[in-house]
Structure formats: structure tokens, C-alpha cells
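Engineer: Here's a sequence, model it:
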Amino acid sequence: MSSVTGEVQVSEVEVDDRAIEGPHGPLRVRVYRPQEPAGPGLVWLHGGGFFAGDLDMPEGDWVARELARRGITVVSVDYRLAPTPEEFASPPEKPATTEGVHYPVPVDEVVFAFRWAVESGLADGPWALGGASAGGNIATGSTLRLVHEGGPVPALAVLAYPTLLAVQPHPDADLRAALDADPDADRFGPSAVSRMYQNYLGAPLDAAPADDLPVYAVPGTATTEQLKSFPPVIMINGEIDELRVSGEAFAASLRAAGVEIDVSTEPGTGHGHLNRPEEAAASASLERFAARILALKTSD
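Structural biologist: Next up is the predicted model:
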């Protein structure tokens with residue numbers, strides 16, 4: 001049974017968890033299958049700073065369920081997480097642990113999951129790959145690797161407020177003023193981002209120059225040559241979010257490489273607004289993502 005809300009067609013969704021044999025052992029994926037599929041599929045990754053988050057958080061479950069209600073088959077990936085760093089939100093009293101899962105494990109798993117999804121028969125149309133925040137990083141790095149390894153290449157990269165640079169430039173004066181006016185939103189300055197990537201990589205960032213960091217872990221450093229053949233991108237950033245700096249820098253790199261890029265800022269939002277579905281901005285972003293994914297069925 002389906003219904004119409006405004007002009008949006010929605011349908012019931014079947015949800016089931018599966019364990020596939022991934023490159024680092026069993027890998028959990030959650031499949032959202034619309035009763036009336038429109039064709040396209042999406043492999044989706046929640047955020048959480050590389051060390052937190054799960055399939056049940058709104059950024060995982062609500063996003064996937066709502067996209068599926070619009071006819072998009074979604075495979076949400078429970079990629080392995082890095083260790084929880086010591087006192088992540090403030091200068092650490094001791095270095096973060098380097099024990100546990102680090103890059104390239106999550107990228108290995110997402111590349112595998114995307115290939116699995118494409119071969120699964122779950123969707124008839126083309127497959128997109130996307131994620132939010134750190135999930136957006138992993139989606140971007142995985143897409144770049146798929147491009148370089150000969151595919152299959154996603155038809156579209158879907159990025160919500162991604163972090164893409166380990167060494168993050170400072171914001172411009174307008175964004176700096178907005179962050180100063182909203183201290184609760186001022187959480188992702190260069191030092192916090194540096195610690196987050198150190199934890200993900202399992203090594204100090206000063207062990208190698210920024211340009212020598214693995215490009216699939218820090219895809220914002222990709223060169224024009226490396227970005228050739230990258231698929232079209234839709235990116236929605238938060239307005240009062242310092243991570244917007246890295247998203248916009250990557251959008252400029254994509255344009256320089258001739259990649260189709262639709263980048264916008266969701267007005268009035270801080271970081272992570274897809275985790276707040278009670279806010280109108282979350283639905284607004286989701287509708288734009290859904291429309292772009294559904295357009296794949298006619299453009300492929």
C-alpha cells in the first residue's frame with residue numbers, strides 16, 4: 001500500500017538485518033526495501049567521528065527508512081569503528097589509544113558492501129553511495145577507490161556535511177562570527193578534527209606531511225588527476241558548522257576536475273541535522289537527496 005504526502009509518493013518498507021562475509025569478517029548490513037521500488041539503490045553510512053554511531057541512530061535508521069518510503073532501496077552498513085579517543089571534545093590529557101580498528105578497515109568494508117549491493121539484485125536501477133559526517137568521508141574515500149580500481153562506480157555520491165580534510169583550514173570571517181555567536185555549534189575546529197583523524201588513522205598526523213596522508217582516508221586532498229571519472233555529487237552542508245570548510249574545499253576540487261557537483265547549505269543548521277528529524281531542516285535535506293537519487297532512474 002502506498003500513499004501520497006504532498007507530492008511525495010511514499011510506501012511501506014520491509015527492513016531486515018543481514019550478515020555478509022566481508023573482508024574483515026562478518027559485516028552487518030541493514031536492508032530497507034520499499035514495497036513499490038522506484039529502481040535506484042543507495043548504500044548509506046551513518047556518521048559519528050569514525051568511532052561512534054550505529055544503524056539505529058536517526059542519521060542511520062530514519063534517513064534510510066524515509067528514503068526507502070520514497071522508493072529507494074537502501075543498504076545501511078554497520079562498518080567497524082575506531083577506538084573511542086580520550087576526551088575527544090577537549091585537549092586530551094594523554095594520547096588517544098592506537099589499539100583497535102583503524103583505516104583502511106572501514107573503507108575496505110564499504111567498498112565490499114557496495115560491490116555486494118550492486119550484485120545483490122536488491123535494486124533494478126543504478127546504485128548511489130553516500131553518508132553523513134564521518135560516513136560521508138568513508139563514502140567519498142570508497143567511491144574514489146572504486147573509481148581507481150575499475151568499479152563498479154556509484155552513479156552518484158550523496159554527502160551530508162562530510163569531513164574530508166584532516167588538516168582543516170580556518171573558516172572565513174562570516175562563519176567564524178556565526179560560530180562565536182553559537183558556542184554549542186563550535187565543536188569542529190582544526191585541533192578537534194586533527195585528533196579525530198589521528199584516532200581514525202592510528203598514528204600522529206605529524207608522522208607524515210598532509211599531502212602524504214592516504215587519499216582514501218582523507219579524500220579532500222585528492223588531486224584533479226585523481227578525481228577524474230569521479231561520479232556526480234550532491235552535498236548538503238550545515239550552515240553553522242566548521243566542517244563546511246572541508247566540504248566546500250572538496251566541492252571546489254571537484255569543479256576543477258570537471259565533476260558535476262550540486263553543493264548547498266541547509267539554512268539555520270548546525271552539524272548533524274539529519275540526526276534531528278523533528279527539525280524541518282532534516283526533512284528538507286532528505287527530500288533533496290531523494291529527488292536527486294530518484295532522478296537516476298531516468299538518467300542512467
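Engineer: mind listing the helices for the stretch 101-250 of the chain?
Structural biologist: 105-120, 134-148, 173-181, 190-201, 224-227, 244-256 (DSSP state H, counting those that start in this stretch).
Engineer: Just say which of these is most tucked in.
Structural biologist: helix 134-148 (a mean of 25; mean count of other C-beta atoms under 10 Å). Bear in mind the C-beta positions are built from the backbone N, C-alpha and C, glycine included.
Engineer: Report the backbone C-alpha coordinates of that one in CSV.
Structural biologist: The C-alpha trace of helix 134-148 is given here as CSV (Å, rounded to 0.1, in the frame of the first residue of the first chain):
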residue,chain,number,x,y,z
ALA,A,134,32.5,10.7,9.0
GLY,A,135,30.3,8.4,7.0
GLY,A,136,30.5,11.0,4.2
ASN,A,137,34.3,10.7,4.4
ILE,A,138,34.2,7.0,4.1
ALA,A,139,31.7,7.1,1.3
THR,A,140,33.9,9.6,-0.6
GLY,A,141,37.1,7.6,0.0
SER,A,142,35.4,4.4,-1.0
THR,A,143,34.0,6.0,-4.2
LEU,A,144,37.4,7.2,-5.1
ARG,A,145,38.9,3.8,-4.6
LEU,A,146,36.2,2.2,-6.7
VAL,A,147,36.9,4.7,-9.5
HIS,A,148,40.7,3.8,-9.3
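Engineer: Low-confidence bits of the stretch 101-250 of the chain, can you list those?
Structural biologist: The stretch 101-250 of the chain contains residues with pLDDT under 70 at 207-211.
Engineer: Next, the contact list for the residue lying closest to Pro23 once chain neighbours are set aside, please.
Structural biologist: Nearest non-adjacent residue to Pro23, counting by C-beta to C-beta, 6 or more residues apart in numbering: Asp108, 4.7 Å away. Asp108 makes contacts with 22-24, as judged by C-beta atoms under 8 Å, 6 or more residues apart in numbering.
Engineer: Next step: these restricted to strands.
Structural biologist: Gly22 (DSSP state E).
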